[in-house]
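Peer 1: Return a 3D structure for these sequence lines:
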Amino acid sequence: MIKTIEKYPIASLSIVVLLMLLVHLNVPNVTIMEARNFITAREMVHDNNWILTTMNGEARYQKPPLPTWITAISGLIFGMDNLFALRLPAAIMVLFLGVFGYFLSLKLELSKKQSLQNGFILVTSFYIIAIINEAPWDIFTHGFMLAGVYYIFQFFEEEKVSWEKALIAAIFVGLSFLSKGPVSIYAILLPFLISYGITYKFKKLKTKIAPLISFVILFIIIGGWWFIYVRLADSKAFLEIAGKETANWSSYNVKPFYYYWSFFIQSGLWAIPAFISLLYPYLRNRVENNKVYKFTFWWTIIAVILLSLIPEKKPRYLVPVLIPLALNTGFYIQYLITNFSKMKRKIEIYPVYFNFLLIALLGLILPFALYFFLNEAIQQHWVSYVLTSISIFLIGLLIIKKLFQQKIKSVFYLTILFMVTIFTFGLPISKSLTKNKAFNSIHKLHKLERSYNIKAYVIGEITPELLWDYNGILKNVYKNEKLKIPNENQFGLLLMNKDIKLILAQLENDYNTKLIETYNLNVGSKSKERLIRQFYLISKK
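Peer 2: From the prediction side, this is the model:
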């Protein structure tokens, strides 16, 4: 089986991503970032706002439009209300990332087997998977940038001047810029170039100046035209949004410099191997290709340092680091595959046993833990529960067996299978966590609007998840602490609990107010106020 997997690397990567992400792509609930992006894609299609992008009918220029275009096209093909269709492009970009991680590894002169292992580590790293729900547009900018880096590396390494490589690289870097601005240029390309300079040096750079200049011009044209167009077409809104976004870099989610120092944890199941792979003095003389290891090590470290310099920090901003970290981790995994049976020092052996026994133990315990904590709920998903329980229990036993037989390659692929099994069989069980009996979809509001022949408005900015579920425009009538009362004799008003007294007090002299419904999009036991709105019928006295 392992020989077949290694013989067909692209097919193997595709199957893993297919089983992990595509089988139950519509199962997870829509997140706040997904909602924003999906609303923009929906309004692109419904209102023909393909260039001057909107959300809730108002300008949304915070993000360039390429991922939204791709998502909108997928929605046009399969249905704008089809979550599978809207999530499909981001899931495919995970495979795109893994494939180019594999291709880059080959160009770094790593073996086909190690290159495939790098691809598997990359597509199964925790935040690479999580990002397609938490902030799906990030995978586009980083995926395109990795493709650009793949061609840039070849451009610098080839003896002859390759205009073709420079121009293809420019296209991918431009697409990355058109996905999320300069984020990936700073977090992937810049640390790549610095680490390349440290390790490989820039050879015969003078002979490559002309194609490099062409590279810069072309990627700026591809990535920057939309910014220029919007700046000219809607200057006021563009500058206002740009000002807020820039201010956030130094005033929003500000964290200390060392906030990212535990970055290797974001790789999930690979956290311990990832950490050990960063112990440069230990591993540098043990790997098969010291020069490439030095390159991926510095690429990872420099990326973390550069990201740490930005005051605004979030865990998902570390996703670019996981790309070189996956390649770096691959060196340690390959070292274990080759040498584990010959290791004698306990300090080397114990971390390996600890890491993989921990995964195996999780596989042995999880079936009982799920039954204990979700006893009644799992009855709705008993097929998924049975398949998950049997599979991960057997995988746990096999990991233990192969580990003590010192067959690390088998342990590695069983760990990949563990991840695949959790997503393929186990993801539907997450629906059992829906315990909120007060859940009430705001999409039902359309029926009330038709029944009372009214239009609904909202106080303050509506939460993206609510707006996505509503599927329409909800105009904000309370801006700059002033209430702009609609002209209609009767209308609907959506309020948060904290705003009810204030707003109703301003209406009580001239209007009758009646609470009609409470909309609540909380799906779990934890209730978030931002997902709750009270719907009042407002009519003139």
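Peer 1: can we go C-alpha only for contacts and neighbour counts from here?
Peer 2: OK.
Peer 1: Tell me the first helix or strand C-terminal of the least confident helix or strand in the chain by mean pLDDT.
Peer 2: Lowest mean confidence among the helices and strands of the chain (mean pLDDT, DSSP states H and E): helix 235-251, at a mean of 78. The helix or strand immediately downstream of helix 235-251 is helix 271-277, counting by DSSP states H and E.
Peer 1: residues making contact with that following helix?
Peer 2: Contact with helix 271-277 is made by 264-265, 267, 283, 325-326, 328-329, 331-333, 351-352, 355, as judged by C-alpha atoms under 8 Å, 6 or more residues apart in numbering.
Peer 1: ok now the least confident helix or strand of the chain, how far from the chain's centre?
Peer 2: Centre-to-centre, helix 235-251 and its host chain are 23 Å apart (C-alpha atoms, centre = their mean, to the nearest Å).
Peer 1: Same question for it: list its buried residues.
Peer 2: Using 16 or more other C-alpha atoms under 10 Å as the test for burial, helix 235-251 gives Ala237, Phe238.
Peer 1: How is the chain divided into domains?
Peer 2: 2-341, 346-433, 442-540 (automatic domain parsing).
Peer 1: ok so, going back, and the contacts of helix 271-277, which are buried?
Peer 2: Those of those that meet the buried threshold are Phe264, Ile265, Ser267, Leu283, Leu325, Ala326, Asn328, Thr329, Phe331, Tyr332, Ile333, Val352, by 16+ other C-alpha under 10 Å.
Peer 1: Next, count neighbours for Met419.
Peer 2: Applying other C-alpha atoms under 10 Å, we find 20 other residues in the vicinity of Met419.
Peer 1: which other helices and strands contact the helix or strand hosting it?
Peer 2: Using DSSP H and E, the element containing Met419 is helix 408-421. Contact partners of helix 408-421 among helices and strands, from 3 or more C-alpha pairs under 8 Å, 6 or more residues apart in numbering; DSSP states H and E: helix 112-124, helix 319-339, helix 346-373, helix 382-404.
Peer 1: Using TSV, please lay out these together with mean pLDDT and distance to Leu515.
Peer 2: Compiled in TSV, the helices and strands packed on helix 408-421 are given as follows (pLDDT from 0 to 100; distance: least, C-alpha to C-alpha, whole Å):
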stretch	mean pLDDT	distance to Leu515
helix 112-124	96	48
helix 319-339	96	45
helix 346-373	91	37
helix 382-404	92	40
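Peer 1: is it true that Arg316 touches Tyr127?
Peer 2: Yes. At 7.0 Å, Arg316 counts as touching Tyr127 under the criterion of C-alpha atoms under 8 Å.
Peer 1: follow-up on the earlier one: need the contact partners of the least confident helix or strand of the chain.
Peer 2: Ala59, Arg60, Tyr61, Gln62, Val230, Arg231, Ile310, Pro311, Glu312.
Peer 1: how about the fifth one, phi and psi?
Peer 2: Dihedral angles phi and psi of Val230 (degrees, to the nearest 10) take the values phi -70, psi -40.
Peer 1: How much space separates it from Pro64?
Peer 2: 10 Å (C-alpha to C-alpha, to the nearest Å).
Peer 1: Would you mind telling me which of the two has more residues around it?
Peer 2: Pro64 (22 against 18).
Peer 1: before we move on, back to that, ranking the domains of the chain by burial, who's on top?
Peer 2: domain 2-341 (a mean of 19; mean count of other C-alpha atoms under 10 Å).
Peer 1: farthest pair in the contacts of helix 235-251?
Peer 2: Val230 and Pro311 (27.6 Å; C-alpha to C-alpha).
Peer 1: how close does the nearest residue to Phe412 once chain neighbours are set aside sit to Pro281?
Peer 2: In this structure, Phe412 finds its nearest non-sequential neighbour in Ile333, 7.9 Å apart by C-alpha to C-alpha, 6 or more residues apart in numbering. Using C-alpha to C-alpha, Ile333 is found at 17 Å from Pro281.
Peer 1: Pick out the residue nearest the middle of this protein.
Peer 2: Nearest residue to the geometric centre of the chain (C-alpha atoms, centre = their mean): Ile131, 1.6 Å.
Peer 1: Keeping just the C-alphas, turn the strand or helix carrying that one into CSV.
Peer 2: Take DSSP H and E as the rule and Ile131 turns out to sit in helix 126-134. Taking Å, rounded to 0.1, in the frame of the first residue of the first chain, the C-alpha atoms of helix 126-134 are listed here in CSV:
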residue,chain,number,x,y,z
PHE,A,126,-4.0,21.9,11.7
TYR,A,127,-4.3,25.5,10.7
ILE,A,128,-3.9,24.8,7.0
ILE,A,129,-7.2,22.8,7.3
ALA,A,130,-8.8,25.2,9.8
ILE,A,131,-8.1,28.3,7.8
ILE,A,132,-10.5,27.3,5.0
ASN,A,133,-13.4,27.9,7.5
GLU,A,134,-11.9,30.5,9.8
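Peer 1: and that helix, how far from the chain's centre?
Peer 2: Offset of helix 126-134 from its chain centre (C-alpha atoms, centre = their mean): 4 Å.
Peer 1: outside of the helix or strand following it, which residues touch it?
Peer 2: Next helix or strand after helix 126-134 toward the C-terminus (DSSP H and E): helix 137-157. Contacts of helix 137-157 with the rest of the structure, by C-alpha under 8 Å, 6+ apart, involve 37, 67, 90, 93-94, 96-97, 100-101, 103-104, 107, 128, 131-132, 161-162, 165-166, 168-173, 175-180, 183-185, 188-189, 192, 202-203, 320.
Peer 1: Kindly export the following helix or strand past the helix holding Met419 (C-alpha atoms) in CSV.
Peer 2: Note on helix 408-421: by DSSP H and E, the next helix or strand toward the C-terminus is helix 445-452. Below are the C-alpha coordinates for helix 445-452, written out as CSV (Å, rounded to 0.1, in the frame of the first residue of the first chain):
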residue,chain,number,x,y,z
LEU,A,445,-37.9,37.0,8.8
HIS,A,446,-38.8,37.1,5.1
LYS,A,447,-42.1,35.4,5.9
LEU,A,448,-42.9,38.0,8.5
GLU,A,449,-42.0,40.8,6.1
ARG,A,450,-44.5,39.5,3.6
SER,A,451,-47.1,38.8,6.2
TYR,A,452,-47.0,42.4,7.6
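Peer 1: average model confidence for helix 445-452?
Peer 2: Mean pLDDT, computed over helix 445-452, is 93.
Peer 1: and the helix or strand following that helix, how far from the chain's centre?
Peer 2: Next in sequence after helix 445-452, counting helices and strands by DSSP H and E, comes strand 456-458. Chain-centre distance of strand 456-458: 32 Å, with C-alpha atoms, centre = their mean.
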